[in-house]
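the sequence and its predicted three-dimensional model are supplied below.
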Amino acid sequence: MSMITRKAFLKLAMGAGITVPLSSLAIASCSKLGSRSRTSAIVVPPFQVPLPIPPILQPIRTDDNTDYYEMTQKESQVEILPGLRTPIWGYNGLFPGPTIAVRSGRQVVVRHRNELPVPVVVHLHGGKTPPESDGYPTDLILPADPSHAATAHTGHTTVGGIGQGFKDYTYPNEQPSATLWYHDHRDMFTGAQVYRGLVGFYLIHDAIEDELPLPKGDKDIPLMITDHIFNEDGSFFYPSLDPMLHEEGLEDGYHEGVQGDTILVNGAPFPFLKVSNTRYRFRFLNASNRRIYKLALDPSSSEGTAFIQIGSDGGLLPAPVPQTELIIAPAERFDVVIDFSRYAIGTQIVLKNLDGNGTTSQVMRFDVVRSQSDDSTIPDRLLPDAESLNPTEAEVTRRVILTRAGKRFRINGKEFDPDRVEIRPRLNSTEIWEVFADIPHPFHLHLAHFQVLSRNNQAPAPTDVGWKDTVRVGPREMVRIIARFTPYRGKYIYHCHMLEHEDLGMMDNFEVI
Ligand code: C2O
Ligand code: CU
Ligand code: CU
């Protein structure tokens, strides 16, 4: 992937009328110096633990047009490393939280009760959600326990208001089948609270997906990848200055983001999955705070490509796309089929991370243990009518410049301020956004799904296909996207999805008018 030169980057950035502090670019080019990372006190041997699958949550009640769910966010102790207990914060005390599986077009209401000692916010990532239910970072749910609620800083402007102990989120699900996820979004504490376990899958299904002959049932598996650091007693290490999470701030050396050396898939360290020699559908989600993975299979098979990509963040692709490697940045999803019939029974296939080193160079293992007949296929076309947004119809072109500034992060030279709205797209309009980055920043828009038009004025990467809500912008890259601002008016955010960058200022508002 070509990078734009430092000079060209500055020229483009300056042309946007925005001052990029030179010092921030200088720091960026030697950023390794400012970065440190603790290693886990416990080293777990890989491939000892079977892959867990998060349970599907059942609605507590349904009526003609709505399914009602309830969840309680609470502390619990779970066994992640064999023989040790890890305190987590989880939805219903689970990490990952329970999966919510819904039908496209059917409304869902989720009541979230907060039994944690801190305020929380819930965001449905990838959801087309009305603003009051989108999880604006200051729309806190205060702890149900009043002694904890008193410690919360409130008084910021909100979009959907403050919840006293609980909040109901309404999701219309007026969008096609896709792999979404829900996670914490508390202003300035998202990194710490997601890392402690506040994350889960939310799958939307529809009739188009039902009718495709893709692998289904127990051969359709969500895979949430995270990386953690473990203390000696099995607890998670996270460098918050205030472990109670009342005051913001990180220990020195972690401002660029927190990376762990122990890779968890669905909450288990380097797990294995026994598979038959058939096709499987895997929905990869990178739920890591900062780490970008380059996934590949080892051994790769002599026939065919490792991954057949069938879906992106926003749902099914028009047609399948073969991929040898998947570069997956925080918050991105890749929906793929792996065909294990290409391997002999007895083969053990490691899912590698080609960008890792040491323990982080492997993720999990697939063990082909039995033969089975397979009636699934991957059709040549997946979606009957696939839409490509037309750049000539875009109403506005904007430039969004993501830069590090010392221990803080900025968008177009400014840090997040809930009271400042400078971007006002018209409802149902499309806009082109040119996103520049000094160091890698995965760029995420709430509400508006988009397509990638170019990278550094060249063709997008093969993995940029389809509707997306998050796109990786590499060091000194410029990624041009076209987004449609639909279907709700109101105030939303966009931000870098490296959670420490987001917490340290790299977030901004837009209001659909
Ligand atoms: Cu997944 Cu605003 O985030
Ligand atoms: Cu989001
Ligand atoms: Cu960033």
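The structure has been received and is ready for your questions. Numbers count the residues shown, from 1 in each chain. Ligands and ions are numbered 1, 2, ... in the order given.

hmm, residue 244 is touching residue 116, no?
No - taking contacts as CB atoms under 8 Å, residue 244 lies outside contact range of residue 116: 11.2 Å. Placement of C-beta: from N, CA and C, glycine included.

so the two - more neighbours on which side?
Neighbour totals were compared for residue 244 and residue 116, and residue 116 leads with 23 against 10 (other CB atoms under 10 Å).

average pLDDT for stretch 409-416, rounded please.
Here stretch 409-416 scores 98 as its mean pLDDT.

my bad, should have said stretch 163-182
pLDDT averaged over stretch 163-182 gives 98.

so how far does that stretch reach from one end to the other?
Stretch 163-182 has an end-to-end distance of 18 Å (CA to CA, to the nearest Å).

show me the shaky parts of the stretch 201-350 of the chain.
Counting by pLDDT under 70, the stretch 201-350 of the chain contains no low-confidence range.

check which helix or strand residue 228 maps to.
Using DSSP states H and E, residue 228 sits within strand 220-230.

swap that for residue 264, please
Using DSSP H and E, residue 264 maps to strand 262-265.

one more: residue 431?
Assigned by DSSP H and E, residue 431 belongs to strand 430-437.

so what secondary structure elements neighbour that strand?
In terms of contacts (3 or more CB pairs under 8 Å, 6 or more residues apart in numbering; DSSP states H and E), strand 430-437 is packed against helix 6-15, strand 396-405, strand 470-473, strand 478-484.

switch the cut-off to 7 Å
Applying 3 or more CB pairs under 7 Å, 6 or more residues apart in numbering; DSSP states H and E, we find strand 430-437 packed against helix 6-15, strand 396-405, strand 478-484.

strands paired with that strand, and their directions?
With DSSP bridges as the test, strand 430-437 is paired with strand 396-405 (parallel), strand 478-484 (antiparallel).

redo those as TSV? Include mean pLDDT, distance to residue 491 and mean neighbour count.
Formatted as TSV, the strands paired with strand 430-437 follow (pLDDT from 0 to 100; distance: least, CB to CB, whole Å; neighbours: other CB atoms under 10 Å):
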stretch	mean pLDDT	distance to residue 491	mean neighbour count
strand 396-405	98	17	20
strand 478-484	98	16	22
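
export the ones you listed as a markdown table, with columns for distance to ligand 2.
Formatted as a markdown table, the strands paired with strand 430-437 follow (distance: least, CB to the ion, whole Å):
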| stretch | distance to ligand 2 |
| --- | --- |
| strand 396-405 | 16 |
| strand 478-484 | 13 |
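
got the contact list for the spatially closest residue to residue 443 that is not a sequence neighbour?
In space, and not counting its chain neighbours, residue 443 is closest to residue 435: 4.9 Å by CB to CB, 6 or more residues apart in numbering. Residue 435 makes contact with 400, 402, 443, 473, 478-479, 481, according to CB atoms under 7 Å, 6 or more residues apart in numbering.

which pair in those residues spans the largest distance?
402 and 481 (13.2 Å; CB to CB).

relative to ligand 2, how far out is the residue in the stretch 301-450 of the chain that ligand 3 sits nearest to?
Per CB to the ion, residue 441 is where the stretch 301-450 of the chain lies closest to ligand 3, at 3.2 Å. In this view, residue 441 and ligand 2 are 15 Å apart by CB to the ion, to the nearest Å.

which parts of the protein sit against ligand 1?
Neighbours of ligand 1 within the chain, by CB under 6 Å from any ligand atom: 123, 125, 183, 185, 331, 444, 446, 495, 497.

mind checking which of those residues land in strands?
Members of these lying in strands (criterion: DSSP state E): 123, 125, 183, 444, 495.

filter these to the buried ones?
Neighbour counting by 16 or more other CB atoms under 10 Å classes 123, 125, 183, 444, 495 among those as buried.

separation between the closest residue in space to the first one that isn't next to it in sequence and ligand 2?
Counting by CB to CB, 6+ apart, residue 123 lies nearest to residue 135, which is 3.3 Å off, once chain neighbours are set aside. Separation of residue 135 from ligand 2 (CB to the ion) stands at 8 Å.

OK, contacts around residue 282?
By CB under 7 Å, 6+ apart, the residues touching residue 282 are 221, 223, 336, 338.

number of residues surrounding the residue nearest to residue 94 when sequence neighbours are not counted?
Once flanking residues are discounted, residue 94 sits nearest to residue 54: 6.9 Å by CB to CB, 6+ apart. Neighbourhood size, residue 54 [other CB under 10 Å]: 19.

list the contacts of residue 54.
94, 96-99, 200-201, 266.

now residue 118: how far from residue 226?
Per CB to CB, to the nearest Å, residue 118 is found 20 Å from residue 226.

what sits against the residue in the stretch 51-200 of the chain that ligand 2 sits nearest to?
Of all residues in the stretch 51-200 of the chain, the one sitting closest to ligand 2 is residue 125 (3.9 Å; CB to the ion). Contacts for residue 125 were tallied using CB under 7 Å, 6+ apart; they are 180-183, 331.

any of those buried? List them.
180-183, 331.

redo the residues you listed as TSV? Include distance to ligand 2.
Converted to TSV, the buried ones among the contacts of residue 125 look like this (distance: CB to the ion, whole Å):
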residue	distance to ligand 2
180	9
181	9
182	9
183	8
331	7
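
turn the residues you listed into CSV, columns for distance to residue 360.
Listed next are those as CSV, based on distance: CB to CB, whole Å:
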residue, distance to residue 360
180, 26
181, 22
182, 26
183, 22
331, 19
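
name the nearest of the residues you listed relative to residue 460.
The closest of these to residue 460 turns out to be residue 331 (CB to CB; 17.9 Å).

for that closest one, phi and psi?
Phi and psi for residue 331, reported as degrees, to the nearest 10, are phi 80, psi -10.

isn't it up against residue 445?
No - using CB atoms under 7 Å, residue 331 makes no contact with residue 445, being 10.9 Å away.

one step back: what is the neighbour count of the residue nearest to residue 123?
Residue 135: 29 surrounding residues under other CB under 10 Å.

can you check residue 345 too?
12.

domain parsing for this protein?
6-32+387-512, 61-210, 217-370 (automatic domain parsing).

and residue 494, what pLDDT?
98.
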